[in-house]
Structure formats: C-alpha cells, structure tokens
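A.B. asks: Here's my sequence, what's the structure:
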Amino acid sequence: MNSEQDNSKKNREEQDIMDQWMDLDEDIEALEEYDESFDEVEAFLEPDTGTKEAAELYLKARDMMDQQPQQALEMLVSACEYFEQNQYLGDLIKSQLLSAKVLMKLNKYNEALEYINKILKNPEKRPETIIIETYQILSEIYLNLKNYQLSLDYYKKYLDIKAQYYKEIKQDNMDKLRKKYELEAKRKEAEIKKQKHSELVKINQELIQATEKIKQLSSLLPICAKCKKIRNDEGYWQNLEEYMGDHTDAEFVASICPECRTNLGLD
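C.D. replies: Got it, this is the predicted structure:
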C-alpha cells in the first residue's frame, strides 16, 4: 500500500513539474522571434585565437558530431588540451561547450555535465551568449537524467537571461537608431543653414550692386543745357535715354507731358 502511495505521490510531483513546463509556452512563443537573431549570435562560437591547426580541429569536429560523434569527441579532447595548455580561454570554452553537445549525442549526460560545470566556473567572466547556451544544455541534460525540477529551473533561467539579453540588444539598436536620426537631423539643419547663407550672400551682392548704381546716379552729371545729352565716364555725350538705360534697369516708353500737349494743341 505504501509503495502505491509513493508511486502516486511521485507521479503527482512529475505531473506538477510537467504542468509548469506547459505554463512556459507563452514565454517560449515570445522568444521565438529572437531565434533567427540568436543563430547569428552563435557566430561567437567560431574560433578566433590559437593556431590554425587547433581551429581546423574544432571546425572538423563540429561538422562530424552528427554522423561520427565518437571521432568528433576525440578531436575535441585534443583541442581542449591544446587550448588549456596555451591559455586560449575563449577557444577552450567553445570547445568544452561543443564537447558537452557531442557527449549528449552519445547519451553520456554525466560527462557532459562535467564539461558544463567547467564552463560555469566564474560565470561573470563568461559572455552572455555562452551562459544562455549552457543553461539550455543543462536543462536538456537534467531532463534526460529525469531530474525534472532542475531541468525546469535551468530552462526558466535560460528563458529569463535570453529575454534580458535580447531586451538589451533591442535597446542598444534603438539607441543607435536614435543617434543616427539625430545626426541626420543635424546634417539637414547644417544644409539648410548653408543654403540660407548662400541666399543671404546672393541678396547681399544684389544690394551692393544696387547701391553702386544708386551711387552712380547720385553723382554730378554734366548735361547739355540745349539738347539734354549727358557726358558719360569716358567723356562721350549720350542721349539721356541711352545713358539711363546703361546705368539703370529702367526702360523708356514714348509719352508726352500735359504742358507739351497744351503747347502742341493736342488738348
């Protein structure tokens, strides 16, 4: 009877944990839109230090892990040893992470857990992308070890830190866009000021030219008392209409004043 009660209690506990898993559906859906971007972040996992031979070993192991996991693991063990000896911390972490994934394919979950625990030493010194992936792997490991509570706990941590990480990325992108907008606004403002300055220069030049013409017309002009011709700056005598046409923008049209109309008997 006690055995049946224990089994029933265990089943209820497992069902309760699974129900909590189901409650995470909304969080999972909310993060799906980030998956494509997260794949790009995994570019961090490409080796960027160490020797060419070690980098090639890492990449070859990654390509082999699905079809030949045992051979891939052997390569990764060698790569980890090399990176650790030469203190290439970044590449060591990447190789340890990949080793844990390969061990999971070989159903060696406890050994995979050892690699993950090595990575999580001093987590504050690890990139967030690495911490995110290690929490996800820990959740999968404990799920396969049937430790559902730990699996659930790490999955929640995985979701929380991933959501926070992308929230920060989104904020950074918004800040960059805002700065870009502000710079563009300043650039356009500078162009408008430059255009207004050019227009003011043009207007000023026109005013200077107009002033010069006024000065010309305001000076003393020799004019014939009989024929009314004006002597220009070169000393030649010009008809009044011709002189005014050269020195102003005025155009002359034929007309007759009231006094002349009377004298000519036109009224």
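
A.B. asks: residue ranges with poor pLDDT in this protein?
C.D. replies: The model of the chain has pLDDT under 70 over residues 1-55, 122-125, 210-220, 247-250, 252, 266-267.

A.B. asks: Can you give me the domain assignment for it?
C.D. replies: Structural domains of the chain, as assigned by automatic domain parsing, span the residue ranges 2-176, 230-263.

A.B. asks: for the shortest one, the distance to its chain's centre please.
C.D. replies: I take that to be domain 230-263. Centroid separation between domain 230-263 and its chain, computed with CA atoms, centre = their mean, to the nearest Å, is 70 Å.

A.B. asks: what's the first-to-last distance across it?
C.D. replies: Terminal residues of domain 230-263 are spaced 26 Å apart (CA to CA, to the nearest Å).

A.B. asks: Setting aside sequence-adjacent positions, which residue approaches residue 84 most closely?
C.D. replies: Using CB to CB, 6 or more residues apart in numbering and skipping residues adjacent in sequence, the residue nearest residue 84 is residue 92, 5.4 Å away. In short, each C-beta sits where N, CA and C put it, glycine included.

A.B. asks: how deep is that neighbour tucked in, by neighbour count?
C.D. replies: If you count neighbours by other CB atoms under 10 Å, residue 92 ends up with 22.

A.B. asks: all strands for this structure, in order.
C.D. replies: 230-231, 237-238 (DSSP state E).

A.B. asks: The first one packs against which elements?
C.D. replies: Right, strand 230-231. Contact partners of strand 230-231 among helices and strands, from 3 or more CB pairs under 8 Å, 6 or more residues apart in numbering; DSSP states H and E: strand 237-238.

A.B. asks: got a list of contacts for the strand it packs on?
C.D. replies: Contacts of strand 237-238 with the rest of the structure, by CB atoms under 8 Å, 6 or more residues apart in numbering, involve 224, 229-232, 246.

A.B. asks: Apply 10 Å and report the result again.
C.D. replies: When contacts are defined by CB atoms under 10 Å, 6 or more residues apart in numbering, strand 237-238 is touched by residues 222-224, 227, 229-232, 243-247.

A.B. asks: Save the residues you listed as a markdown table, and put in distance to residue 156 and neighbour count too.
C.D. replies: Formatted as a markdown table, the entries for the contacts of strand 237-238 read as follows, by distance: CB to CB, whole Å; neighbours: other CB atoms under 10 Å:
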| residue | distance to residue 156 | neighbour count |
| --- | --- | --- |
| 222 | 104 | 10 |
| 223 | 103 | 13 |
| 224 | 108 | 11 |
| 227 | 109 | 9 |
| 229 | 105 | 16 |
| 230 | 100 | 18 |
| 231 | 103 | 14 |
| 232 | 98 | 15 |
| 243 | 97 | 18 |
| 244 | 94 | 16 |
| 245 | 92 | 14 |
| 246 | 92 | 10 |
| 247 | 91 | 17 |
